[in-house]
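1. Take this sequence and fold it.
(one chain, ligands or ions: 1)
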Amino acid sequence: MITNRTFTMLKPDSVEKGNIGAIMNKINAAGFKILALKLTKMSVLDAENFYSVHKERPFFNDLVEYMTRGPIVAAILEKDNAVDDFRSLIGATNPAEAAVGTIRNEFADSISENAVHGSDSDENAKIEGDFHFSGREVY
Ligand code: CMP
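-> Just a heads-up that it's a prediction; the model follows:
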């Protein structure tokens, strides 16, 4: 089922560097409607669960440490073709490979600290949105 929704997190490096406003401006300018939004902090258990698909990867422990070291901004976004269009807007996982003008090209430092998350499928957008938001927090 295509829902036209995606889920994003502005990761701790984006919050630390004061980039929340600049990144949200790009998201708005690209035509995404904000359905849910909050500043929150993941616990170690949250991050281990959220990234469980990566648990065998060599970077897993560093990823959990990074994602739990400070607050994140979590959001559910709506737009036609939201998942694919948002992944185009954020650019490649490795900012060195991210197209000019993408969020990771402008705001990310490295493949491990890459500024933003974007869901990779409609199914995961729903799972990830539900992970962070209750029904009454989504408008
Ligand atoms: P994201 O694609 O949002 O979700 C998985 C995260 O793991 C990814 O962003 C990066 O933060 C991190 N990651 C992915 N690949 C690597 C890698 N090769 N080395 C370190 N971290 C990575």
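2. and the residue positioned nearest the centre of the chain, what does it touch?
-> Central residue of the chain (C-alpha atoms, centre = their mean): H117, 2.4 Å from the mean position. Contacts of H117 were listed using C-beta atoms under 8 Å, 6 or more residues apart in numbering, and they are F7, T8, M9, K11. To be clear about C-beta, it is placed using only N, CA and C from the backbone, and glycine gets the same treatment.
3. what's the model's confidence in the helix or strand where the first one lies, averaged?
-> If you go by DSSP states H and E, F7 is part of strand 5-10. Confidence for strand 5-10, expressed as mean pLDDT, is 98.
4. Can you verify my assumption that T8 contacts A74?
-> Yes - with contact defined as C-beta atoms under 8 Å, T8 counts as touching A74 (7.5 Å).
5. what sits against the closest residue to F133 other than its chain neighbours?
-> Nearest non-adjacent residue to F133, counting by C-beta to C-beta, 6 or more residues apart in numbering: A36, 4.7 Å away. Neighbouring residues of A36 by C-beta under 8 Å, 6+ apart: A74, A75, I76, G129, H132, F133, E137, V138, Y139.
6. the more surrounded of T8 and A74?
-> Counted by other C-beta atoms under 10 Å, T8 and A74 do not tie: T8 has more neighbours, with 29 against 22.
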